[in-house]
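Undergrad: A structural model of the following input is requested.
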Amino acid sequence: MVKKKKFYKKEKSKEIKKELPSNSRSIPEKIISDHLVFAVGLTCIVLAIVLVSLSLYSNYQEKLQLSGERARIQKELDFWKGRAAEKPSYRDAYFSLALLYYQIKDFKNSSENLEKAMEIDPNFEEGRELRVILENN
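TA: Numbers count the residues shown, from 1 in each chain. Here you go, the predicted structure:
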């Protein structure tokens, strides 16, 4: 009689396989899902940073442009103030001052200079047009 040897190792491995659940598919799906969420989140953050950077750059360029415009207007104001002081009867100096003050939204000084120009020349058509505009503000 030949006795068969039992291989207990094989039997144990079969028992272990039966005990462990088969979850090999759920692990990769979860990892892919986590990576996808991370990638989408990171993309949104990078996109937000780019948009904010572009907005800041645009605002900076606008500030530079406005500063340059303000400096130009101030230079012209100084010029026309000098001309008005040299020649008090020079209507265009007061009218130019009125226009420049209007551009920087200083309506009080604009009205004062316009009135001086209108005293010098009451028939000044452009002065009348500016007076209507100033009365509406």
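
Undergrad: so what's the backbone phi/psi at residue 89?
TA: Backbone geometry at residue 89, expressed as degrees, to the nearest 10, gives phi -100, psi 20.

Undergrad: wait, what's in contact with it?
TA: Residues near residue 89 by Cβ atoms under 8 Å, 6 or more residues apart in numbering: residue 120. Every C-beta, even on glycine, is put in place using the N, C-alpha and C of the backbone.

Undergrad: Where in the protein is the helix or strand with the lowest mean pLDDT?
TA: helix 8-19 (a mean of 53; mean pLDDT, DSSP states H and E).

Undergrad: what about the helix or strand following that helix, distance to the chain center?
TA: Next along the chain after helix 8-19, taking DSSP states H and E as the criterion, comes helix 26-86. Offset of helix 26-86 from its chain centre (Cα atoms, centre = their mean, to the nearest Å): 4 Å.

Undergrad: Taking the centroid of this structure, which residue is nearest it?
TA: For the chain, residue 55 is the residue whose C-alpha lies nearest the centre (Cα atoms, centre = their mean; 3.3 Å).

Undergrad: separation between it and residue 119?
TA: 48 Å (Cβ to Cβ, to the nearest Å).

Undergrad: Number of residues surrounding the closest residue in space to residue 91 that isn't next to it in sequence?
TA: Of all residues not flanking residue 91 in the chain, residue 120 sits nearest, at 4.3 Å (Cβ to Cβ, 6 or more residues apart in numbering). Neighbourhood size, residue 120 [other Cβ atoms under 10 Å]: 17.
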